[in-house]
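Undergrad: predicted structure and sequence below. I'll ask about it afterward.
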Amino acid sequence: MIENLLRPHIKDIEVYASARDEFKGSAEVYLDANENYHDFSKEGKNRYPDPHAYKLRKKIEEVMGFRSEHTVLGNGSDELIDMLIRIFCIPGKDSILIERPTYGEYRVFAGINGVSVIDIHLTEDLDLDVENIKKAIDLKKPKIVFICSPNNPTGLTYDIAKIKEIADYNKGMTVVDEAYADFDPGFTSAYTLLKDNGRIAVLRTFSKYWALAGSRIGILIGSEELIAAVNRIKAPYNISLSSQMDGLRALSEAGERKEILSEILSERKRLSGRLADFSFVRKVYKSDANFILIKVDDADGLYSYLMAKGIIVRNRSREILLDNTLRITIGSRMENDKLLEALGEKEKSLIP
């Protein structure tokens, strides 16, 4: 099924076999990979890491429930997005489809790879426009449909039934980016659809909930056929030993992460309520992520005001449907209080 969607040369590409691919296991003397025998780090960093991060993927299966044969890891989700476009899309010929507004890197990597982008705007209430997506699939036949749920930058989770409808209708790949899924307590992953539709793939990340943005670990979950195709072009050692160790450590501390999640969700609720009280805030959008999108009177002015106070938020006003909006990440209670204090000062300055 997946083979028929791949770029022709990917099917027959000669896969690079690293030293650690040819020998698996442990030995007393390693003289196969041209490594420096002296371990200055005292952590085994003079040796190449496991090219397939087997221990980390097994731990992901244990903690997250994604079977290891269905996963491959990337240097962040960005590398995985790039690889998906490279293995399926022929430059100058094929296209991807995205919903707008959405995560900007889908478009960036399409451009880098010479692949055109089909933009389908969300509805006025920032939901998926299923019928227009299906019409675009009929007309332009994109190789990949990217759906970001919960959406960045809106923060909204899409109905899994709508995602299924699109994925079943689409004859190409449907990739669901679930980077913020852990912040939605009622979330249903598109992974549940994989057993009935092998053209579905899911992206997860260690950057948000697992607090490892600096370690750069993304997860692609898909059919065994898809994982094999990605492994054909994946750099042999794309996840460093340090990152693999970071991932294993985080997963072993899953209980602590749940405690922090409770704090984040509590602060999201508190901040949403407080933000709605300011006269210059026109709307606080519902959020299923670790950020809140707000509509204000003057986004550029408020952004500059907060920046002068040493508080950096994200101005999303240049995005389709998001005129005069700011995206605010949920910080610690102290950080959120500083934001609210600054906004309170702004409110006082507006009183005649």
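TA: That came through, no problem.
Undergrad: now the strands for the stretch 51-200 of the chain?
TA: Ranges of strands within the stretch 51-200 of the chain are 71-74, 95-100, 116-121, 144-148, 173-177, 200-205, based on DSSP state E, counting those that start in this stretch.
Undergrad: including distance to residue 235, mean pLDDT and mean neighbour count, could those strands go into a markdown table?
TA: For every residue, glycine as well, the C-beta is placed using N, CA and C. What follows is the strands of the stretch 51-200 of the chain, written out as a markdown table (distance: least, Cβ to Cβ, whole Å; pLDDT from 0 to 100; neighbours: other Cβ atoms under 10 Å):
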| stretch | distance to residue 235 | mean pLDDT | mean neighbour count |
| --- | --- | --- | --- |
| strand 71-74 | 9 | 98 | 24 |
| strand 95-100 | 22 | 98 | 22 |
| strand 116-121 | 25 | 98 | 16 |
| strand 144-148 | 21 | 98 | 25 |
| strand 173-177 | 20 | 98 | 26 |
| strand 200-205 | 18 | 98 | 25 |
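Undergrad: out of those strands, flag the one nearest residue 327.
TA: Closest of those to residue 327 is strand 144-148, at 13.5 Å (criterion: Cβ to Cβ).
Undergrad: sorry, back to before: is it possible to get TSV of the strands of the stretch 51-200 of the chain that adds distance to residue 239?
TA: Formatted as TSV, the strands of the stretch 51-200 of the chain follow (distance: least, Cβ to Cβ, whole Å):
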stretch	distance to residue 239
strand 71-74	5
strand 95-100	25
strand 116-121	28
strand 144-148	23
strand 173-177	19
strand 200-205	13
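Undergrad: between those strands, which one is closest to residue 127.
TA: Using Cβ to Cβ, the strands of the stretch 51-200 of the chain put strand 95-100 closest to residue 127, at 9.4 Å.
Undergrad: alpha carbons of that closest one, as PDB, please.
TA: Extracted in PDB, the C-alpha atoms of strand 95-100 (Å, rounded to 0.1, in the frame of the first residue of the first chain):
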ATOM      1  CA  SER A  95       1.900  18.700  -3.600                       C
ATOM      2  CA  ILE A  96       1.000  18.600   0.100                       C
ATOM      3  CA  LEU A  97      -2.200  19.900   1.600                       C
ATOM      4  CA  ILE A  98      -2.300  21.900   4.900                       C
ATOM      5  CA  GLU A  99      -5.100  23.600   6.900                       C
ATOM      6  CA  ARG A 100      -4.500  27.300   7.600                       C
END
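Undergrad: mind listing the strands that strand pairs with, and their directions?
TA: In the sheet, strand 95-100 lines up against strand 116-121 (parallel), strand 144-148 (parallel) (DSSP bridges).
Undergrad: reformat those strands as CSV; add distance to residue 267.
TA: What follows is these, written out as CSV (distance: least, Cβ to Cβ, whole Å):
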stretch, distance to residue 267
strand 116-121, 31
strand 144-148, 23
